[in-house]
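Engineer: need a structure here:
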Amino acid sequence: MGQKSMICAAQDTIKGKPIENSTLIKKLLELSDSKTEHLPGLFTLVPGMPVILTQNMAIELGLINGMNEIFRQLVFEEESVS
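Structural biologist: Okay, here's the model as predicted:
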């Protein structure tokens, strides 16, 4: 029984501001991982896959940098879905 996977795209910023130029976004997504501190432009999430948190997500819940976790589902903020 196959799991539904989802492909996620990086949301790059310049000086903390989102990039809006579609040509630049495309070029950034096409860069090799060796030019982006080994962070992929696109990656696949599959429920049940192991993940390692690389930043504090919710300290009060124990979701902190370096924790080994299992990805279960992606929950969108209502205003972020177009």
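Engineer: stretch 11-18 - what's its average pLDDT?
Structural biologist: For stretch 11-18, the mean per-residue pLDDT is 91.
Engineer: Ile70: neighbour count?
Structural biologist: Here the neighbour count serves as a burial measure; for Ile70 (other CB atoms under 10 Å) it reads 9. No exception for glycine: its C-beta is placed from N, CA and C like everyone else's.
Engineer: number the chain from 379, please
Structural biologist: Let's use 379 as the start, then, which means that last one is Ile448.
Engineer: how about the contacts made by it?
Structural biologist: Under the criterion of CB atoms under 8 Å, 6 or more residues apart in numbering, the neighbours of Ile448 are Gly426, Met427, Pro428, Val429.
Engineer: which of the residues you listed count as buried?
Structural biologist: The neighbour-count test (16 or more other CB atoms under 10 Å) marks none of these as buried.
Engineer: I'd like the residues you listed as JSON lines, with secondary structure appended.
Structural biologist: What follows is these, written out as JSON lines (DSSP: H, G, I helix; E, B strand; the rest coil):
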{"residue": "Gly426", "secondary structure": "coil"}
{"residue": "Met427", "secondary structure": "coil"}
{"residue": "Pro428", "secondary structure": "strand"}
{"residue": "Val429", "secondary structure": "strand"}
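Engineer: what would these look like in TSV with distance to Ile442 and pLDDT?
Structural biologist: Converted to TSV, these look like this (distance: CB to CB, whole Å; pLDDT from 0 to 100):
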residue	distance to Ile442	pLDDT
Gly426	22	94
Met427	19	95
Pro428	16	97
Val429	13	94
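Engineer: would you map out the domains in this protein?
Structural biologist: Described in terms of automatic domain parsing, the domain architecture of the chain consists of the residue ranges 379-424, 425-460.
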